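**Student:** sharing a model that was predicted from the sequence below.
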Amino acid sequence: MNKKISRRDFIKLGAIGLIGGAIAYSGVWALFQGVVEAAPGMKLGEYDWEKHYWGYVCDSYRCIGCGRCVVACKLENMVPWEPQYYRTWVERYVVTEDGEIFVDSPNAGRDGFKADQINLKYKNLNIRKSFFVPKLCNQCDKPPCVQVCPTGATYMTKDGVTLIKRKICIGCKYCIVACPYGARFLDPRLKAVDKCTLCYHRITKGFLPACIEACPVGARIFGDLRYPESPVRKILRGKRVSVLKPTLGTEPKVYYIGLEKGVN
Amino acid sequence: MNFKIPHLPFWVWTLGGALTILAFNIAITLRAEYGFHLEKIEENVKEWRSLPIQYAGASACIDCHQDIYTVWAKSNHIIVSCENCHGPARAHLENRARLTGNTSRELCELCHAKLVSRPSDFPQVDVKKHGGQSECITCHNQHISRP
């Protein structure tokens, strides 16, 4: 390795390599763009995934913490009944007059929030306000879980739902670490990762997700972001909405009404 | 360990390095997002679509249970879907399995126990001081939801 190369030649070589590499890369990328567009249409019966883009709203002003959504999701989607496995959950926030924030989610809200717990746990606190926040997979437009999956098992459909190929998932849990919202979990029976699919088997047949059906107070709203008069689009126009962790650039499609400073 | 770097011209190293980086980038980018294994995605989406549906929704109950449905639909509990208390309808629709309604005090408490976190305009009561240990339906009809 003692061959001498002049500085001029070195820079020339470097520049050629860089430009050549960039051209080659864009060429290959452009080639594969064509492949995606030309792929056979995903009509799948009457449902056309090009015609919908699913969105969701959680209204924290309305949630009463009954936990019926958690139970409905478990029964609809065969989620293990044990409390540590959940596709959706409800958190309770307690803000004291000093500005201290307490968060809890007993059994992910599956059994509701019992009166005893709050009385004993928060008895001596000077509570300024307290509220519930329902949470689920935020179906990000730039999903970190899809980006880190080493096998490509998790992917986003054209109608905006992130799904998992259970047979390809190796259970490495990289996506669980990558998800900033804690939406994913390892199903011990499947030995693959599972998460909220917006009840994909229901919404592609014109039904609503199970959590939406269960919620008695309308704290969860589902709709088509492509359709201007859908419930979600109406809320995006009429109410003040926000998302969880907007600074991470995940561009979630689950919007929240009534988030507070300490809610993450 | 005697490890000798093979003696190759400089341009081979540069080209090799550039191609390796290019190949690596293509491998990462062209996974699921760009349609690599697209045919397997279609297969998988079809699988997800064809999972069995467990909850039917309240409108499925009206066909056979018209009398209780109309009573319930006039009450404040119209916001509580039938399956919230009776369980998912699939078994009932498939082989007429009995869906007994949960009339326990605990179920009513899930929504109606007084908690500071609940909106103040939501009907809630101190469950320790109200009704002892008896079931709430002793006095409150769950489909009419009036005392």
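**Tutor:** Received, thanks.
**Student:** mind checking the SS state of A:Asn107?
**Tutor:** Three-state assignment for A:Asn107 (DSSP: H, G, I helix; E, B strand; the rest coil): helix.
**Student:** tell me the domain boundaries of chain B?
**Tutor:** With domains defined by automatic domain parsing, chain B comprises B:11-49, B:58-138.
**Student:** would a markdown table of the ones you listed with mean neighbour count be doable?
**Tutor:** Backbone N, C-alpha and C define where each C-beta goes, glycine included. Shown next, in a markdown table, are the domains of chain B (neighbours: other Cβ atoms under 10 Å in any protein chain shown):
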| stretch | mean neighbour count |
| --- | --- |
| domain B:11-49 | 15 |
| domain B:58-138 | 15 |
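**Student:** of these, which shows the lowest average pLDDT?
**Tutor:** The stretch with the lowest mean pLDDT among the domains of chain B is domain B:11-49, at a mean of 77.
**Student:** element containing residue 145, please.
**Tutor:** Just so you know, I chose chain A. helix A:144-148 (DSSP states H and E).
**Student:** do A:Lys12 as well
**Tutor:** Going by DSSP H and E, A:Lys12 is part of helix A:7-38.
**Student:** for that helix, which helices and strands make contact with it?
**Tutor:** helix B:10-29 (3 or more Cβ pairs under 8 Å, 6 or more residues apart in numbering or on different chains; DSSP states H and E).
**Student:** for the helix it packs on, packing partners?
**Tutor:** In terms of contacts (3+ Cβ pairs under 8 Å, 6+ apart), helix B:10-29 is packed against helix A:7-38.
**Student:** quick one: the helix or strand following the helix it packs on near chain B?
**Tutor:** With elements assigned by DSSP H and E, the helix or strand that comes after helix A:7-38 is strand A:54-59. No - Strand A:54-59 is not in contact with chain B by Cβ under 8 Å from any Cβ of the partner chain; minimum separation 10.6 Å.
**Student:** so what strands line up beside strand A:54-59?
**Tutor:** strand A:220-224 (antiparallel), strand A:254-257 (parallel) (DSSP bridges).
**Student:** tell me the residue furthest from the middle of chain B?
**Tutor:** Here chain B reaches farthest from its C-alpha mean at B:His7, the gap being 61.3 Å by Cα atoms, centre = their mean.
**Student:** over to it. Which of the three states is it?
**Tutor:** coil.
**Student:** distance to A:Gly99 added to the domains of chain B, as TSV?
**Tutor:** Formatted as TSV, those follow (distance: least, Cβ to Cβ, whole Å):
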stretch	distance to A:Gly99
domain B:11-49	42
domain B:58-138	17
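**Student:** and stretch A:159-172, C-alpha only, in CSV?
**Tutor:** C-alpha atoms of stretch A:159-172 as CSV (Å, rounded to 0.1, in the frame of the first residue of the first chain):
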residue,chain,number,x,y,z
ASP,A,159,-54.5,3.2,3.2
GLY,A,160,-52.2,4.2,6.0
VAL,A,161,-52.3,1.3,8.4
THR,A,162,-49.1,-0.3,9.7
LEU,A,163,-49.3,-4.1,9.7
ILE,A,164,-47.1,-7.0,10.5
LYS,A,165,-46.2,-10.2,8.6
ARG,A,166,-46.4,-12.5,11.6
LYS,A,167,-44.6,-15.4,9.8
ILE,A,168,-41.6,-13.2,8.9
CYS,A,169,-41.3,-11.5,12.3
ILE,A,170,-38.4,-13.0,14.2
GLY,A,171,-39.4,-11.4,17.5
CYS,A,172,-36.2,-9.3,17.8
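**Student:** after the helix holding A:Cys145, which helix or strand is next?
**Tutor:** The helix or strand immediately downstream of helix A:144-148 is strand A:154-156, counting by DSSP H and E.
**Student:** by contact count, what packs against that following strand?
**Tutor:** Helices and strands touching strand A:154-156, by 3+ Cβ pairs under 8 Å, 6+ apart, are helix A:144-148, strand A:162-164.
**Student:** which residues touch the last one?
**Tutor:** Contact partners of strand A:162-164, identified using Cβ atoms under 8 Å, 6 or more residues apart in numbering or on different chains, comprise A:137, A:139-140, A:143, A:145-146, A:153-157, A:192-195, A:197, A:200, B:44-45, B:48.
**Student:** can you list the buried residues in the helix holding A:Lys12?
**Tutor:** Of the residues in helix A:7-38, A:Leu13, A:Gly17, A:Gly21, A:Tyr25 count as buried by neighbour count, 16 or more other Cβ atoms under 10 Å in any protein chain shown.
**Student:** which residues touch the second one?
**Tutor:** The one in question is A:Gly17. By Cβ under 8 Å, 6+ apart, the contact list for A:Gly17 reads B:Thr14, B:Leu15, B:Gly17, B:Ala18.
**Student:** does the last one touch A:Ile19 like I think?
**Tutor:** No - here B:Ala18 does not reach A:Ile19: they are 10.3 Å apart, not a contact under Cβ atoms under 8 Å.
**Student:** tell me where chain B has helices.
**Tutor:** Remark: helices assigned in chain B by DSSP state H are B:10-29, B:38-49, B:66-73, B:82-86, B:90-95, B:105-112.
**Student:** could I get the CA-only coordinates of the third one as PDB?
**Tutor:** To tie it back to what came earlier, the one meant is helix B:66-73. Taking Å, rounded to 0.1, in the frame of the first residue of the first chain, the C-alpha atoms of helix B:66-73 are listed here in PDB:
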ATOM      1  CA  GLN B  66     -86.800  -5.200  18.500                       C
ATOM      2  CA  ASP B  67     -88.700  -4.700  21.800                       C
ATOM      3  CA  ILE B  68     -85.700  -4.300  24.100                       C
ATOM      4  CA  TYR B  69     -83.900  -2.400  21.400                       C
ATOM      5  CA  THR B  70     -86.600   0.300  21.100                       C
ATOM      6  CA  VAL B  71     -86.700   0.700  24.900                       C
ATOM      7  CA  TRP B  72     -82.900   1.000  25.100                       C
ATOM      8  CA  ALA B  73     -82.700   3.300  22.100                       C
END
